[in-house]
Every structure is written in structure tokens, then in C-alpha cells.
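# Give me a 3D structure for the following:
(one chain, ligands or ions: 1)
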Amino acid sequence: KVLITGGLGQLGVGLAKLLRKRFGKNNVILSDIRKPPNNVFHSGPFIYSDILDYKNLREIVVNNRITWLVHYSALLSAVGEANVALARSVNITGLHNILDIAAEHGLRLFVPSTIGAFGPSSPRNPTPDLCVQRPRTIYGVSKVHAELMGEYYHHRYGLDFRCLRYPGIISADSMPGGGTTDYAVQIFHDAIKTGKFECNLRPDSQLPMMYIDDCLRATLEVLEAPADTLSMRTYNINAMSFTPEELAQELRKQMPELEVTYNIDPVRQAIADSWPMDFDDSNARKDWGWKHDYDLPELVQTMLNYLGVERCMAH
Ligand code: VAH
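Purely as a prediction, here's the structure:
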């Protein structure tokens, strides 16, 4: 049985859908510290779980016979910078609880890392799996800590720890929650609603990005990969890299009148400028056959179809 923490964020509901198709609806438990919307509540098992409450977590794992744990609870980039104390508590103390529970109960543990786990002194174009990691956000620092602790628990206690560094994830039916790459989701909603978009990053800010379906499939694939195919515990996964200007150009192929203006947010721009511009994911492609399906044209087409169709139905 799989438990997903932080399940009501950008990725959890989609991952639950994918895993339930694969393992059966009642074998995947979604959890968070918030009340789920009705449609989520009725789509499969949901329970309250607070990763800062060790006893609550242990009870859930034992009572539900959890064998795999996907740990999505975290404060992401810009949100974490606005509340460092909470980010440190959730992303580090919460992670420690998860590691102990996973080691104690022999769980297979997936923890996502991120392009944000690199900093200005890392090679940026492309960024390999193994290189200097001196991130400048509490989010990045906590994710490097998660990578190092997961690998330590693997070597010291035999914990089956698996980690993928996600690019900025673009989704149609769920909103991102970190702030830095979120422009690439907002532009679709605003373009369809008003034909105008105000971007909070510079037009030339290149960042690694991925469509949500590729991200969730990668997560399932690495969770199911035979342990002996994994030469590493932590892998970069990549799909595409683009700038706001390149995304706007691709969108204009379908919406020629789209107007994009730029109103730079210095906090988010500084974060974006410290992150990789492109990801080298050759180890993931070699070890467990990773390959992405969505490039920029397919991403734009898929997002517009989904959101456009939704808008028509709304009328
Ligand atoms: C953010 N979308 O902007 C999230 C994610 C890698 C980007 O962490 O913080």
C-alpha cells in the first residue's frame, strides 16, 4: 500500500490517479493537513496526516500496512523564502520523521528533489547529476539535505530510498505552489481568459520544465525499477528547457494576439538566476530507460486543448 504525503499539492492528486490505475484504488492513500475537495475525497482513500506528528505518522503506516511512501510535503522556492522557519521545520524536521518511519518499517521511500537543489556555483548549462550543490534558498538547502540523508540511510540502514530531481512542472488541472516556475502555468490561464499575461521573470530566463504527465510517469517508473538497475539514489530527469519569450512565441502560434508584458519580481528572478538552465539526465535514461514524451509544442497543444475545452464547457 502506498501513502502520499502533501497529497493536495500540485502533483499528489495526479499521482494518486496514476498509482490507483496501476495498483487499485484502495491501495493508494492520499494524505495532507488540509480538507480535500469533494471530488478528491470521493476518488479514493484520503486521511489527515501531519508529517510533524511522528506518532500520527507511525499509526497511519502500521494501521494501513503501508509499504511505499511518496513524500510530497514541502514548502517550495519563493514560498519557503517567505517563511523560512516553517520551511525548515516541514522540509527538514518533517523529512527526518519520514526517514525514521521508513527505515523502522522497511518502506520503499520516494522523495522528490528539484532543479532548486543547485545554486549559482553549480554548472548551469547543462547541470549534471553529480556536481557542486550550494543552493541559495531554504527549499534548495532542505532538498540537498534530503538527498544526502536519504543516501546515508540507504547505505547505513539499507533504506530503499529513491529520489528524482524534478524540473518546473506544468499542469493544467492543478496549480503549482512554489512561485518561481509558476509563470509557465499562469500564462496559459491568463492567455485564454484575457489574451494578456504579465510575466514576473525576465524574457530570457531559461529553466528546465516538464509536463506533469511525464513527471508522474517518471515517478512510477523509478518506484517500480528493479533495485539493481539503480546505480544512483538521486537522478535528474529532464524534458525541455525554455525561456518566457520562447514559451510566449510557441503560444502565439495558436494565439497570435497574445500580449506579454514583464514586471520582474526580484525575489523570484534571483532564484531563477541561481538555478540550472538545462538538465543532463543521461544517467536516468541509461539506468532505468527514462524518456520524456512532451516537448514544448506538445506541451502548449495539450495545455490549450485541456483549458480551451474547459472554457468552452464553462459557457
Ligand atoms: C517552484 N514550481 O517554483 C516549484 C518548483 C522547481 C520548481 O520547486 O518552486
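# Can you report how many residues neighbour E257?
For E257, the count of nearby residues is 8 (other Cβ atoms under 10 Å). Bear in mind the C-beta positions are built from the backbone N, C-alpha and C, glycine included.
# residues in contact with it?
E257 makes contact with G195, according to Cβ atoms under 8 Å, 6 or more residues apart in numbering.
# separation between it and the ligand?
28 Å (Cβ to the nearest ligand atom, to the nearest Å).
# which SSE is that residue in?
Remark: E257 resides in no helix or strand, with elements defined by DSSP states H and E.
# what does A248 give?
helix 244-252.
# Next: L220.
helix 212-224.
# buried sites along that helix?
Buried residues in helix 212-224, counted by 16 or more other Cβ atoms under 10 Å: I212, D213, D214, C215, L216, R217, A218, T219, L220, E221, V222, L223.
# Stretch 182-194 too?
Using 16+ other Cβ under 10 Å as the test for burial, stretch 182-194 gives D182, Y183, A184, V185, I187, F188, D190, A191, I192.
# Do I have it right that the second one meets E198?
Right, Y183. No. Here Y183 does not reach E198: they are 9.2 Å apart, not a contact under Cβ atoms under 8 Å.
# Report the contact partners of V62.
H105.
# Can you check what pLDDT the model gives the residue nearest to Y235 when sequence neighbours are not counted?
Take Y235 and drop its neighbours on the chain: the residue closest to it by Cβ to Cβ, 6 or more residues apart in numbering is A284, 4.1 Å away. pLDDT for A284: 98.
# again, but for the one 10 residues further on
The score at Y294 is 98. That number is its pLDDT.
# Using the three-state scheme, assign the residue of the stretch 101-250 of the chain found nearest the ligand.
Nearest to the ligand, among the residues of the stretch 101-250 of the chain, is G178, at 2.1 Å (Cβ to the nearest ligand atom). Under DSSP: H, G, I helix; E, B strand; the rest coil, the three-state class of G178 is coil.
# so it touches S77, yeah?
Yes. G178 is within contact range of S77, at 4.5 Å (criterion: Cβ under 8 Å).
# Show me which of these two is the more surrounded one.
Regarding G178 and S77, a neighbour count based on other Cβ under 10 Å identifies S77 as having more, with 30 against 23.
# list the contacts for that one?
G116, T137, Y139, G140, G178, G179, T180, R268, I271.
# which residue packs closest to the second one, ignoring adjacent ones?
Once its chain neighbours are removed from consideration, T137 has its nearest residue in S77; the separation is 5.3 Å (Cβ to Cβ, 6+ apart).
# Look at that neighbour and report its pLDDT.
pLDDT, S77: 97.
# Get me the contact residues on the chain for the ligand.
L76, S77, T114, I115, G116, G168, P176, G178, G179, T180, T181, D182 (Cβ under 6 Å from any ligand atom).
# ok, of these, which one's closest to T229?
T114 (23.0 Å; Cβ to Cβ).
# hmm, back to that, between G178 and S77, which contacts overlap?
What both G178 and S77 touch, as defined by Cβ under 8 Å, 6+ apart, is the set G116, Y139.
# could the contacts of S77 be laid out in TSV, adding distance to I29?
Shown next, in TSV, are those (distance: Cβ to Cβ, whole Å):
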residue	distance to I29
G116	27
T137	30
Y139	26
G140	29
G178	24
G179	28
T180	30
R268	34
I271	33
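# Buried ones among those residues?
For those, a burial check counting by 16+ other Cβ under 10 Å picks out G116, T137, Y139, G140, G178, G179, T180, R268, I271.
# Turn those residues into JSON lines, including pLDDT.
Compiled in JSON lines, these are given as follows (pLDDT from 0 to 100):
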{"residue": "G116", "pLDDT": "98"}
{"residue": "T137", "pLDDT": "98"}
{"residue": "Y139", "pLDDT": "98"}
{"residue": "G140", "pLDDT": "98"}
{"residue": "G178", "pLDDT": "88"}
{"residue": "G179", "pLDDT": "91"}
{"residue": "T180", "pLDDT": "97"}
{"residue": "R268", "pLDDT": "98"}
{"residue": "I271", "pLDDT": "98"}
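# just those now: which is nearest Y48?
G178 (23.2 Å).
# nearest residue to that closest one other than its sequence neighbours?
L76 (2.7 Å).
# pretty sure the one you found is touching D182, no?
No. At 9.1 Å, L76 and D182 do not qualify as touching, with contact defined as Cβ under 8 Å.
# between those two, what contacts are shared?
P176.
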